[in-house]
Each structure stands twice: as C-alpha cells, then as structure tokens.
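>>> Mind looking at a prediction? Sequence and model below.
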Amino acid sequence: MNTLTLVHKYLRQFIRPGDCIIDATAGNGRDTQFLCELTGEAGRVLAFDIQPQAVENTKKRLTEHGWDGVGTVILDSHANMAQYARPGSVDCIVFNLGWLPGGDHSIFTHADSTIAAIQAGLELLRDGGLMCVSIYSGGASGYEERDALLEYVKTIDSKQYTVLTVQFSNRTGDPPIPVFITKSI
C-alpha cells in the first residue's frame, strides 16, 4: 500500500453521491476525475491549480470521461478557494502537494500558500467534513513545506478538528505523508 492507495481507500468510504468536493491541486486531473466519479452526476467538484497546463490537462481529462458537467477547473491558487465556496458547504477537500507530474519541477507547492489554503479549507468544511493532505517532499521541492506543514497541523484546534498524520515507518527515501483532518460534528 502507498499513500495514493490509502487516501483513495479512505475517500471511497467517506464521499457520497451529491457531495461538494474541492481538489486543491488539480495536477493532470486524475484525482479530479476520481472525485467526480465518487460524487457522481449530482455532485460538484472544484479543482484548483496555478499552472495553465494543469488546468488544460484536467479540463481535457474531465471532458474525455464525461465529467465536465460535474467538475469545474479553476486557474487560481488553492489559497483562494474561499472565493468559490461558502463556509460549511464542502464535504471533502483533497491536496496532493509537490509538483505537476510530467511538468516543470521548479514549480511546486509552498508552505505559505498551502497553510493559507488549509486554513481557508477548514472554514469551508461542513461539520463532519474531511480534508486529506498528501505531503510530498525531497527532490526539487526539498523539505521546507513538509516540515512547516507537520508543525502547523499540530496547532489546529483539537476542539474543532481531529488530525491524523500517517507515517510509513518501513519505507526508504521520502515516502509521501498523508494527513487526514476531520471537522468535529
């Protein structure tokens, strides 16, 4: 099992048809498509990316698979997601940090905008809502975002949210770290 498999398994158990979902990092649209499939025709998925190539790739994927009526792809920072949804209206928010697969590795997520996005997302979540943050580190992006985020999630109000950080103890290198944040009911 890897981070992607673990997160997808968790999302399959959580997301229901008709849910409102945010894909905070659209990338090439694989997760956006997956989220559209889980929420179905009655749902809504907003996908964000700052790279025009990622937005184009995601729109193309959604159109090719018939999900362009469910998924909306937005060229904007995930830090601005609160401009596109009301507080308490989102069921689930998913982040896959790092860089665009197959894209320019000198363009990657940074702690400052990611923390701002997480803070905005926490306000958007409905009671009982879920946020999944997959933290990728090493390579061109280094460890600054990982280290800052792991410190930040420790400060999230424990009366309002439960934070679970999963570590793969027997993996070599820098395996991605999934963080699950649930808003209390």
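Yes, it's here. Numbering: from 1, shown residues only.
>>> Tell me which residues touch the nearest residue to Gly139 once chain neighbours are set aside, please.
Spatial nearest neighbour of Gly139, excluding adjacent residues (C-beta to C-beta, 6 or more residues apart in numbering): His105 at 6.8 Å. Backbone N, C-alpha and C define where each C-beta goes, glycine included. By C-beta atoms under 8 Å, 6 or more residues apart in numbering, the contact set of His105 is Trp99, Gly139, Ala140, Ser141.
>>> How about the secondary structure of His105?
coil (DSSP: H, G, I helix; E, B strand; the rest coil).
>>> Next up, phi/psi of it, please.
Dihedral pair for His105: phi -70, psi 0, per degrees, to the nearest 10.
>>> quick one: Leu35 and Arg16 touch, right?
No. Between Leu35 and Arg16 there is no contact under C-beta atoms under 8 Å: 12.0 Å.
>>> Between the two, which is the more surrounded one?
Neighbour tally, Leu35 and Arg16, criterion other C-beta atoms under 10 Å: the higher count belongs to Leu35, 27 against 13.
>>> ok, now how distant is that one from Ala47?
8 Å (C-beta to C-beta, to the nearest Å).
>>> and for the two, which residues touch both?
With C-beta under 8 Å, 6+ apart, Leu35 and Ala47 have common neighbours Asp23, Gly71.
>>> burial of Gln119, as a residue count?
Neighbourhood size, Gln119 [other C-beta under 10 Å]: 13.
>>> Quick check: it vs Asp112, distance?
11 Å.
>>> To what extent is the closest residue to Lys154 other than its chain neighbours buried, counted in neighbours?
Distances taken as C-beta to C-beta, 6+ apart place Val163 nearest to Lys154, at 7.6 Å, with adjacent residues excluded. Val163: 17 surrounding residues under other C-beta under 10 Å.
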